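Novice: okay, here's the prediction I keep looking at, along with the sequence it came from:
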Amino acid sequence: MLNEKMFALGNKRSIIREIFEYCKKRGAEIGPENVYDFSIGNPSVEPPIDIKETLINLIENENSVLLHGYTSAQGDYSVRKAVADNINENFSLFLSPDNIYMTCGAAASLTISLKALFNKGDECIVFAPFFTEYRVFIENAEGKVVVSMPEEKTFQIDINDFESKINTNTKAVIINSPNNPSGVVYSEETIKKVVEVLVKKQLEYNHPIYLIADEPYRELVYNGVKVPYLMNYYDNTLVCYSYSKALSLPGERIGYIAVNPKMQNAKDVYLAVCGAGRSLGYVCAPSLFQQVIGKTMGAKVDVNIYKENRDILYNSLTEFGYECVKPDGAFYLFVKALEDDAFKFFEKAKQKEILVVPCDDFGVKGYVRIAYCVNKERIVNSLPSFKALAEEYGVKA
Ligand code: PLP
């Protein structure tokens, strides 16, 4: 007898992956340029040139046995030091290498953190709309998902709803800003209110409630918008970081967990993180890319490419009559479907070769996500089809 939960997960792929696979098949039939695939958050911007140069340099000049060998389970010391120093410099903090645990990207950072913190029945609050895989990761740690609904229109956190969802079983809260799928950056004001509630509730229930900052999109912000660094607001914070989006390296599987040294029992939490990584069989993060990251701290992709995409798409769609919040970061547009049922809307868009993701599984019904991390040409070419779709629904511009 198989593990039924695992079978179910494998048997029913995530909707994003389903659509992504469909696009590949459809592209083979009618030519990829005729399929407007906006399904997956796979960056289209080139990684910074430093990455390539460092990679070549490492391969040509370093000892290949060491380069491709195991590192310490928590990651190479010099790499963890580079990460800690970089955080300290950017956010005026005092982390040491022993607060950093290198991972295979944000998915691993989250899975490991949740496994480290959770006992059966503990609850984790997520803010809708949320990255669908949270449900998989939380349930894998035997936790229960509790969804807090957002403020209408702005998609900022609704503090009253949030407070009403906390109880004695609440173990952690995940904050993802800039957000997938809304692109919203939670304001400092919002974060301060969240922290106020958490501080009060920790005292009331007499146990820590952890804040997990899921930050793969931290650097992908436009017009100088600031993303509050949660460790600076709340001691019981773990940061789950990834270089997948920030450096366009999603296939290389590299990221880290940073445990706030000011956290209650920080050393024990770090040890539990190490234990969770071990129990999940991660062994160590990819050695070669640990080295690349350690040597390219501060490298950045050209965010203006995404900003240009955002502007073209946002301005055109709103002109055609679509409704959506203007995203300050990440590379997603969260658009209200033109009928109540987002799946039916998705099907109609599909007939015009536009592939977007219906977002019911992200915790908010009636919306679709458009990943605009694609080349500009695809966006420009898709606009007449978006317009025709709106007209089919009788939407007035
Ligand atoms: N968290 C969020 C909000 C994401 O959007 C993603 C990927 O799309 C992840 C985590 C997982 O990122 P990674 O590829 O680094 O595992």
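Specialist: Structure received.

Novice: how far away is N63 from the ligand?
Specialist: N63 sits at a distance of 28 Å from the ligand (criterion: Cβ to the nearest ligand atom, to the nearest Å). (Glycine included, C-beta is placed from N, CA and C.)

Novice: got it, and C284?
Specialist: 16 Å.

Novice: what's the local residue count around that residue?
Specialist: Using other Cβ atoms under 10 Å, C284 has 18 other residues around it.

Novice: pretty sure it sits against Y70.
Specialist: Yes: between C284 and Y70 there is a contact at 5.6 Å, judged by Cβ atoms under 8 Å.

Novice: what parts of the stretch 201-350 of the chain come near the ligand?
Specialist: Within the stretch 201-350 of the chain, the positions near the ligand by Cβ under 6 Å from any ligand atom are 214, 216, 242, 244, 250, 255.

Novice: want to throw the residues you listed into CSV with secondary structure?
Specialist: As requested, those are exported to CSV (DSSP: H, G, I helix; E, B strand; the rest coil):
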residue, secondary structure
D214, strand
P216, coil
S242, strand
S244, coil
P250, helix
G255, strand
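
Novice: quick one: low-confidence residue ranges for the stretch 51-200 of the chain.
Specialist: Under the criterion pLDDT under 70, no range of the stretch 51-200 of the chain is flagged.

Novice: hey, where'd the helices end up in the stretch 201-350 of the chain?
Specialist: 266-279, 287-295, 303-320, 342-351 (DSSP state H, counting those that start in this stretch).

Novice: how about residues contacting the next helix or strand after the last one?
Specialist: For helix 342-351, the succeeding helix or strand toward the C-terminus, using DSSP states H and E, is strand 354-355. Residues from elsewhere that reach strand 354-355, judged by Cβ atoms under 8 Å, 6 or more residues apart in numbering: 19, 22-23, 26, 35-39, 349, 382, 385-386, 389.

Novice: what strands flank whatever helix or strand comes next after strand 354-355, and is each parallel or antiparallel?
Specialist: Next in sequence after strand 354-355, counting helices and strands by DSSP H and E, comes strand 357-358. Strand pairing for strand 357-358, determined by DSSP bridges: strand 367-371 (antiparallel).

Novice: are the partner strand and the ligand in contact anywhere?
Specialist: No: if you take Cβ under 6 Å from any ligand atom as the test, strand 367-371 misses the ligand, and the best it gets is 9.2 Å.

Novice: any buried residues in whatever helix or strand comes next after that strand, and which?
Specialist: Beyond strand 367-371 on the C-terminal side, the first helix or strand identified by DSSP H and E is helix 376-392. Across helix 376-392, burial judged by 16 or more other Cβ atoms under 10 Å covers 378-379, 382-383, 386-387, 389-390.

Novice: that older thread, out of the contacts of strand 354-355, which is nearest to the ligand?
Specialist: The ligand lies nearest to S39 out of the contacts of strand 354-355, by Cβ to the nearest ligand atom, at 11.6 Å.

Novice: hmm, that closest one is touching P358, no?
Specialist: No: using Cβ under 8 Å, S39 is not in contact with P358, being 10.6 Å away.

Novice: return every residue with contacts to both of the two.
Specialist: Residues touching both S39 and P358 by Cβ under 8 Å, 6+ apart: none at all.

Novice: identify the residues contacting Y393.
Specialist: Counted by Cβ under 8 Å, 6+ apart, Y393 has contacts 338-339, 348.

Novice: just to revisit the earlier point, for the buried residues of helix 376-392, give me TSV that also has distance to the ligand.
Specialist: Compiled in TSV, the buried residues of helix 376-392 are given as follows (distance: Cβ to the nearest ligand atom, whole Å):
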residue	distance to the ligand
R378	19
I379	20
S382	21
L383	25
F386	23
K387	29
L389	26
A390	27
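
Novice: tabulate these (CSV), appending pLDDT.
Specialist: Shown next, in CSV, are the buried residues of helix 376-392 (pLDDT from 0 to 100):
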residue, pLDDT
R378, 96
I379, 97
S382, 97
L383, 97
F386, 97
K387, 97
L389, 97
A390, 97
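
Novice: distance check, P43 against T111.
Specialist: 22 Å (Cβ to Cβ, to the nearest Å).

Novice: err, V184, not the other one
Specialist: In terms of Cβ to Cβ, V184 sits 24 Å off from T111.

Novice: okay, those two: which has more neighbours?
Specialist: Neighbour count, other Cβ under 10 Å: between V184 and T111, V184 has more, with 27 against 23.

Novice: assumed the more buried one was part of a strand.
Specialist: No: assigned with three-state DSSP, V184 falls outside any strand and is coil.

Novice: ok, so what distance separates the residue most central in space within the chain from K352?
Specialist: Taking Cα atoms, centre = their mean, the centroid of the chain lies closest to P216, which sits 4.8 Å from it. P216 sits 30 Å away from K352 when distances are taken as Cβ to Cβ.

Novice: L93 now?
Specialist: 49 Å.

Novice: residue of the stretch 251-397 of the chain closest to the ligand, please.
Specialist: For the stretch 251-397 of the chain, Cβ to the nearest ligand atom, closest residue to the ligand: G255, 5.3 Å.

Novice: make sure that residue is actually in contact with Y243.
Specialist: Yes: with contact defined as Cβ under 8 Å, G255 reaches Y243; the gap is 6.0 Å.

Novice: fine, thanks again, bye for now.
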